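> when you get a sec, could you give me coordinates for this:
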Amino acid sequence: MTAETIIQSLASGLLMGLLYGLIAVGLALIFGLMDVVNFAHGEFLMLAMYVTFFLFTFFAIDPLLSAPLAAAALFVLGAVVYLVIVRFAMRAKANVGMVQIFATFGLAIVMRGLAQLFFTADYRSVPNSWLGGKTVSVAGIFLPQPQLFGALVAIAAFGGLYLFINRTDFGRALEATREDPGAVALVGIDKNRVFALGWGLGAALVGLAGAIMASFFYIYPDVGASFALIAYVTVALGGFGSVFGAFAGGIVVGLVEATTALVLPPSLKSVGIYAVYLLVVFIRPRGLFGSM
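Residues are numbered from 1 along each chain as shown. This next block holds a predicted model:
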């Protein structure tokens, strides 16, 4: 094992870690806003990948161009899911937490089943995309262009989200609603509107990630499950409800995954992720950046 091999692996892990962070940020945003874990998060990613695939197949729109369209479509889906499903689940008079869990878990099963029904279980991909199969050499380190583009988009999206939350009136309303949903009604803020837009924003972020991943990853109905599991671990590692923690946690997960693949067979690369997560849970149960 040479130094060049180690650096190459860590660079690839960093690029994937930034994408993991982008996937997890949407999940953390929703949890931080409402204390609700969206168990259909992986299926949102899957749907965004299919949207990107069909836009390429029928309209020849490259994933680079269809990413905003996929994000917009997922924004609408996220808002609708809150208004039609989650809003009523939160009104349960008993076992509210369990009702919310089963509502989003049931939605995940329905979405996955519908995908298998309409799209079949076949593996699909986006061939001949603008960046597909291309690499960039930086000081002898080869970086895949799709992952590099995805990493840059992830950084830009996180920066935009940070400015949106901290510099806009709606971002302040989002923070206020998270702190005290009951009190914001006294100053004329409609919490359901804020929650719906928060769900839409969280879904749009994972939609953006899904569109990028469609350019280099196979697309099939169960594709979201494995990435959703990584996203849950990432959010817990960074700290529940911490958007920055989710993004930083994604980078840690990507680097740990790459490091594990150097010393263990690639099929066992997830072992390192869960080992680090358990270590953090024992030492700092609220996560690296959590305040719970």
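> drop to CA atoms for contacts and neighbour counts, all remaining ones
Fine.
> so in this structure, which helix runs the longest?
Looking only at the chain and at elements set by DSSP state H, the helix with the highest residue count is helix 3-34.
> tell me the mean pLDDT for that helix?
Taken as a whole, helix 3-34 has an average pLDDT of 93.
> quick one: list the elements packing against it.
Using 3 or more CA pairs under 8 Å, 6 or more residues apart in numbering; DSSP states H and E as the contact test, the elements touching helix 3-34 are strand 141-144, helix 145-167, helix 169-179, helix 191-213, helix 223-238, helix 243-263.
> lowest-pLDDT helix or strand in the protein?
Every helix and strand in the chain was compared by mean pLDDT, DSSP states H and E; the lowest is helix 181-184, with a mean of 78.
> and the gap between T168 and V256?
35 Å (CA to CA, to the nearest Å).
> so between these two, which is more surrounded?
Just comparing T168 and V256: by other CA atoms under 10 Å the higher neighbour count belongs to V256, 24 against 11.
> who's in contact with the residue nearest to Y123 when sequence neighbours are not counted?
Leaving aside its chain neighbours, Y123 sits nearest to Y220 (5.1 Å; criterion: CA to CA, 6 or more residues apart in numbering). If a contact means CA atoms under 8 Å, 6 or more residues apart in numbering, then Y220 has 46, 121-124 as its contacts.
> now do the phi/psi pair for Y220.
In terms of degrees, to the nearest 10, the main-chain angles of Y220 are phi -160, psi 160.
> rewinding a little: most tightly packed of the helices and strands packed on helix 3-34?
Mean neighbour counts were taken over these using mean count of other CA atoms under 10 Å, and the top value, a mean of 26, falls to helix 191-213.
> can I get the helices and strands packed on helix 3-34 in a markdown table with distance to A3 and mean pLDDT?
Listed next are the helices and strands packed on helix 3-34 as a markdown table, based on distance: least, CA to CA, whole Å; pLDDT from 0 to 100:
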| stretch | distance to A3 | mean pLDDT |
| --- | --- | --- |
| strand 141-144 | 11 | 93 |
| helix 145-167 | 21 | 94 |
| helix 169-179 | 44 | 84 |
| helix 191-213 | 28 | 95 |
| helix 223-238 | 28 | 93 |
| helix 243-263 | 12 | 94 |
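> these: which one's closest to G272?
helix 243-263 (5.5 Å; CA to CA).
> ok, and what's touching the closest one?
6, 9-10, 12-22, 24-25, 28-29, 32, 158, 231, 234-239, 266, 268-273, 276, 288-290.
> could you flag which of the residues you listed are buried?
9-10, 12-22, 24-25, 28-29, 32, 158, 231, 234-239, 269-270, 272-273, 276, 288-290 (16 or more other CA atoms under 10 Å).
> how close does the residue lying closest to Q8 once chain neighbours are set aside sit to E4?
Distance criterion CA to CA, 6+ apart; nearest residue to Q8, sequence neighbours excluded, is I141 at 5.7 Å. For I141, the distance to E4 (CA to CA) stands at 8 Å.
> for A121, same thing?
Separation of A121 from E4 (CA to CA) stands at 39 Å.
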